[in-house]
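J.: Whatever this is, show me its structure:
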Amino acid sequence: MTKRITSTDAVHGGDRKTKPYDAVPEPIVASATYTFEDSDEIVAHTQGRHPRADREEYGRYGNPTVRAVEARLAVLEGTEDAVLFASGMAALTTTVLALTKRGDHVALFSECYRMTRELAESILARFGVESTFVPMNADDLAGALRPETRLVLGEMPTNPHLRCVDLAKVRDTCRGHRGLKTLIDATFATPVNCRPATFGIDLVVHSATKYLGGHHDVLAGVACGSAALCSLVRELRGVLGPVCDPHAAFLVGRGLKTLALRVAKQNESALAIAAWLEKHPKVERVFYPGLPSHPDYALARAQMSGFGGVVSFVARGGLEGARRLVDHLQIPRIAPSFGGVDSLVEQPAVMSFYEMTPEQRRDQVGIEDGLVRFAVGIEEPEDLIADLARAFTAG
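T.: You can find the predicted model right below:
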């Protein structure tokens, strides 16, 4: 089980004791460019001889507010460094592009975010990088690796069925393959519930829009890893330009201070809701790694300290049955995303996979028409359960 992140870590990890103007929170440095006293200072900076290691030059290459949040995220994730981005997908795509080139091969676990699948099947293919999707089982990974495989990419847990992959087995399977790196999207887990780097995973990405920011009010992403790998990623970020705005970085940094508190509450509430749903006659199946019925329950218990704030379940009545349930809920808002203080609910067949036929959804991506994804906020679990009970009765 991974070391539990505490509220002390979340508030003070990587934080500077003394800040400009004696401020308590990290100040927002809203500057796109930075001045130099003279030409000698420019030369010292470009040659790496400047006495201040944090000396900035231009906003696309760095910002003091952004760097402060990166330092905190690296501590929370247990890595040497972190690189902040304008969104989670910016973090993922830039990291993948930094590690691959034409002729390379990427192995991905089959259940993944639909935009990650789009990245592999459309964008990487356009640049001559091949991809293979592997079943959600680390034992099947070895057979998918090739001499030209440069990256193994997965999520832990996955969206929307909350599947878990054995991180230690992934590490061991990839060890010995020259030039092969591992990348885990741990957005659903957060550093509170699981830190993949402690299992030997090379890089960890998050959509900071979700739990790290925690209030549905900011877009951001982060890639965490060794100093060497993060240097490659940061260099490409400077070329492509998906930098995090300092105001957004400030919101992420503020959200991090309550991360452990929020996630602990969401873990507790989601487990209670999942257990209640599993007994309801209008529910066919519940997907939550904290339930013994989940296929990865034992693995989740072994490598997670909490099971997350998202519960997925299949409501009886198919597409229309799930739609009636979602429409009758009063507390959660109908919206994509998750990880914030407000509960959200969505029906993936309607929200994310509406262009596919029911057969395509079921056979290609495993999405049933009656699937509902409930992203639990910090409301009281008894209130959310009462709301679900009302909605099932009304629907």
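J.: any low-confidence regions in the stretch 201-350 of the chain?
T.: Along the stretch 201-350 of the chain, segments meeting pLDDT under 70 are nowhere present.
J.: now the strands for it?
T.: Shown for the stretch 201-350 of the chain, the strands assigned by DSSP state E, counting those that start in this stretch span residues 203-207, 221-225, 283-287, 310-315, 333-334, 344-346.
J.: For residue 103, find the nearest of those strands.
T.: strand 203-207 (21.0 Å; CB to CB). Quick note: C-beta positions are derived from backbone N, CA and C, even for glycine.
J.: in the closest one, what counts as buried?
T.: Within strand 203-207, the residues that count as buried by 16 or more other CB atoms under 10 Å are 203-207.
J.: now swap in stretch 331-345 and tell me
T.: Buried positions in stretch 331-345, judged by neighbour count with 16+ other CB under 10 Å: 331-333, 338-345.
J.: Output these in TSV, with distance to residue 267 appended to each entry.
T.: Formatted as TSV, the buried residues of stretch 331-345 follow (distance: CB to CB, whole Å):
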residue	distance to residue 267
331	18
332	17
333	21
338	13
339	12
340	15
341	14
342	17
343	14
344	17
345	18
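J.: Show me the helices in the stretch 1-150 of the chain, by range?
T.: Taking DSSP state H, counting those that start in this stretch as the criterion, the stretch 1-150 of the chain contains helices spanning 7-12, 39-46, 64-77, 88-99, 114-118, 125-126.
J.: among those helices, which is nearest residue 254?
T.: helix 64-77 (9.5 Å).
J.: Buried ones in the closest one, by neighbour count?
T.: Buried-residue list, helix 64-77, by 16+ other CB under 10 Å: 64-77.
J.: Next, format the residues you listed as CSV and append distance to residue 158 and pLDDT.
T.: Below are the buried residues of helix 64-77 laid out as CSV (distance: CB to CB, whole Å; pLDDT from 0 to 100):
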residue, distance to residue 158, pLDDT
64, 36, 95
65, 32, 96
66, 29, 97
67, 31, 96
68, 31, 96
69, 26, 97
70, 26, 98
71, 29, 96
72, 26, 96
73, 22, 98
74, 25, 98
75, 26, 97
76, 22, 97
77, 19, 97
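J.: what domains does the record give for the chain?
T.: As given by automatic domain parsing, the domain ranges for the chain are 7-256, 259-394.
J.: my guess is residue 313 contacts residue 276, does it?
T.: No. In this structure, residue 313 is not within contact of residue 276 by CB atoms under 8 Å, at 10.4 Å.
J.: more neighbours, the two?
T.: residue 313 (25 against 18; other CB atoms under 10 Å).
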